[in-house]
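*Asks:* What follows is a predicted structure for the sequence shown.
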Amino acid sequence: MIAPHLIRRQRLIIFILCALIIATFIIGLGMGASSVSFDRIIPTILGNGTFKEEFVLFSIRLPRILITVLAGMALALSGSILQSITRNDLADPGIIGINAGAGVGVAIFFLFFPVDVGTFIYVLPAVAFLGALLTAILIYAFSYSKKEGLQPVRLVLVGIGFSMALSGVMIVLISSAERTKVDFIAKWLAGNIWGNDWAFVWAILPWLVILIPYTLFKANKLNLLNLSEPVAIGVGVSLEKERIVLLLTAVALAASAVSVTGGIAFIGLLSPHIAKALVGPRNQLFIPVAILTGGWLLLLADTIGRNIISFSSIPAGIIVSLIGAPYFIYLLFKK
């Protein structure tokens, strides 16, 4: 049974995070190369804006902001699942190579297969999922021991090794590609939010609509998987089956986000840690907080990156890395 004061704290934190997302959302709508004054945002949304105002808000800003929030939520949930099933606080889809696997899949598809504009947006998440899935299977296989089961520390080390190796594969792939395609892959690797059309919103939204409720449904199983293996087996959990299903869920979430935002790391690392510090380690409590935290962090990073330099923009992935890399080093020394 969850203590009532923890439930009240969770609701308060969720309310605060929703307020932060809305505030950053409004700031992001008004700021940019083609700014829209804040007093014109509501009239424009209600259909009383000029052609320029409506074009900037509905065709450029609004879809990009929604994609950023949804991708941050997906990465945060993916990281939460990975940390629970591996019992490792350093697990993150960007750090352990899942994002890199998705990136290689996207690069191969983009560079060597004919791209159809009408289906490219919807095929991309599936391609990213296949690349991420193959990478996750290899990482899991190299981290697993018949005698001791899954090795959490080895999983992180193997994942980092795969991430570096796949980065090398990516360099080989783009070394002989066309300049325009190389530019796209380079922006993707930096974590640039390149998906800025409504079609990308519809491409990523179904994954979250299905997988967020499913993960919350599996929250009790995640609590048990976070305990030692003998305890989980003792209460009747089918350990390997649950791990594989939840690993597939984490891979699908990460791939759906990476396919439209590029290689963004550390959101899946930071968000669960912040959520656990606020409401405790029970998955029923911290997962909703982590999801909202991830959405807000990525939205904040993208808003800062778009406006910190007047003549250019810094990819959100770089802004997140400036925060996340020191925190990762701190956790590495602590654990």
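*Replies:* Noted; the coordinates are in hand.
*Asks:* From here on, just use CA atoms for contacts and neighbour counts.
*Replies:* Will do.
*Asks:* what about stretch 103-112, average pLDDT?
*Replies:* For stretch 103-112, the mean pLDDT works out to 84.
*Asks:* scratch that, stretch 206-216
*Replies:* 93.
*Asks:* export it as CSV, just CAs?
*Replies:* C-alpha atoms of stretch 206-216 as CSV (Å, rounded to 0.1, in the frame of the first residue of the first chain):
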residue,chain,number,x,y,z
PRO,A,206,0.5,6.0,-31.2
TRP,A,207,3.6,4.5,-29.6
LEU,A,208,3.1,6.6,-26.5
VAL,A,209,-0.7,6.1,-26.4
ILE,A,210,-0.2,2.3,-26.3
LEU,A,211,3.1,1.9,-24.4
ILE,A,212,2.6,4.4,-21.5
PRO,A,213,-0.6,2.7,-20.2
TYR,A,214,1.0,-0.7,-20.8
THR,A,215,4.1,0.3,-18.7
LEU,A,216,1.9,1.6,-15.9
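*Asks:* Would you map the helices across the stretch 1-150 of the chain?
*Replies:* 4-30, 41-45, 51-54, 62-86, 98-112, 117-143 (DSSP state H, counting those that start in this stretch).
*Asks:* In TSV, list those along with distance to Leu189.
*Replies:* TSV is the format used below for these (distance: least, CA to CA, whole Å):
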stretch	distance to Leu189
helix 4-30	23
helix 41-45	33
helix 51-54	31
helix 62-86	15
helix 98-112	8
helix 117-143	14
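*Asks:* which of the ones you listed is buried the deepest?
*Replies:* helix 62-86 (a mean of 28; mean count of other CA atoms under 10 Å).
*Asks:* Now do the helices in the stretch 201-335 of the chain.
*Replies:* Counting by DSSP H, counting those that start in this stretch, one finds helices in the stretch 201-335 of the chain at the ranges 219-225, 229-234, 239-261, 267-279, 283-307, 316-334.
*Asks:* Could I get the buried residue list for stretch 192-203?
*Replies:* Asn192, Ile193, Trp194, Gly195, Asn196, Asp197, Trp198, Phe200, Val201, Ala203 (16 or more other CA atoms under 10 Å).
*Asks:* tell me the SS of the first one?
*Replies:* Secondary structure of Asn192, reduced to three states by DSSP: H, G, I helix; E, B strand; the rest coil: coil.
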